[in-house]
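In: Okay, structure incoming, though there's no sequence with it:
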């Protein structure tokens, strides 16, 4: 990933926070010299230190776990992203030397793909993933709500994957290269836009939260 110092994010806890909140990832592997991408939720575990590990599952019919087992892979996590119009910059009225851009926060996570084909491991993973996703619902569904024989069949149709992380790269492009006045203009413009992505980015530009 292309980096410049102004946008570089190296704090592991900040990157983990984005990965935890935006857990639907793009998993990039290489097969016969060609890049491939799969899309799946991955859970970040802070252990082992310092970078942690990712855990998830894929369909048994998906060849990625056979093709990429032991291979160095890349998981991409996308945080808030928005278009930024130069009309939001007060400096536009001074010389007009401003152009549009795109603000975003993203994490690239690297490590070897480890395959798990153990029912207990998979059951624990599904329980954790489901509990996190269902936590805010009025009537949370639990994995063990499903009949045992049905759950056993479903477990047989998936394979677990784990990625002990060897590298983490974060990029927070959130108007750090603009003046304080222009950043305030971006915050105001995003607040007026009012959608979820814009409001999340407004907080990042304003420095109110890391993700």
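Out: Great, that's in hand. Everything quoted here is computed from the prediction, not taken from an experiment.
In: Give me the three-state assignment for the residue positioned nearest the centre of the chain.
Out: Nearest residue to the geometric centre of the chain (C-alpha atoms, centre = their mean): residue 77, 2.3 Å. Reducing the assignment at residue 77 to three states with DSSP: H, G, I helix; E, B strand; the rest coil gives strand.
In: For residue 173, give the beta-bridge partners.
Out: residue 104 (DSSP bridges).
In: just use 357 as the starting number from now, easier for me
Out: Taking 357 as the first residue, the last one we looked at is residue 529.
In: And for it, the neighbour number?
Out: 20 (other C-beta atoms under 10 Å). Just so you know, the C-beta spots here come from the backbone N, C-alpha and C atoms, and that holds for glycine as well.
In: Any figure for the gap between the residue nearest to the centre of the chain and residue 456?
Out: 25 Å (C-beta to C-beta, to the nearest Å).
In: ok, now residue 374?
Out: Distance from residue 374 to residue 456, counting by C-beta to C-beta: 24 Å.
In: From the contact counts, what lies against the helix or strand of the chain with the lowest mean pLDDT?
Out: Every helix and strand in the chain was compared by mean pLDDT, DSSP states H and E; the lowest is helix 448-451, with a mean of 72. Where contact means 3 or more C-beta pairs under 8 Å, 6 or more residues apart in numbering; DSSP states H and E, helix 448-451 is not packed against any helix or strand.
In: got the buried residues for that helix?
Out: Within helix 448-451, no residue is scored as buried using 16 or more other C-beta atoms under 10 Å.
In: cool, and stretch 485-495?
Out: 485-486.
In: ok, residues contacting it?
Out: Stretch 485-495 has contacts (C-beta atoms under 8 Å, 6 or more residues apart in numbering) with 397, 399, 412, 496-499.
In: Quote the end-to-end distance of stretch 529-544.
Out: One end of stretch 529-544 sits 17 Å from the other (C-alpha to C-alpha, to the nearest Å).
In: contact partners of that stretch?
Out: Contacts of stretch 529-544 (C-beta under 8 Å, 6+ apart): 362-363, 440, 444-447, 457-461, 557-558, 560-562.
In: right, and residue 522 touches residue 407 too?
Out: Yes: with contact defined as C-beta atoms under 8 Å, residue 522 counts as touching residue 407 (7.1 Å).
In: So for these two, which sits in the more crowded spot?
Out: Shown here are residue 522 and residue 407; by other C-beta under 10 Å, residue 407 has more neighbours (20 against 11).
In: Would you agree the more buried one is in contact with residue 521?
Out: Yes: at 3.8 Å, residue 407 counts as touching residue 521 under the criterion of C-beta under 8 Å.
In: about what we covered before: may I see the contacts of stretch 485-495 arranged in TSV, with distance to residue 480 and pLDDT as well?
Out: Shown next, in TSV, are those (distance: C-beta to C-beta, whole Å; pLDDT from 0 to 100):
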residue	distance to residue 480	pLDDT
397	15	97
399	11	97
412	13	98
496	17	96
497	17	96
498	13	96
499	10	95
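In: Going through those residues, which ones are buried?
Out: Buried among these by 16+ other C-beta under 10 Å: 399, 412, 499.
In: I'd like to check which residues are in contact with the first one.
Out: Read it as residue 399. So residue 399 contacts 379, 410-412, 481, 484-485, 488 (C-beta under 8 Å, 6+ apart).
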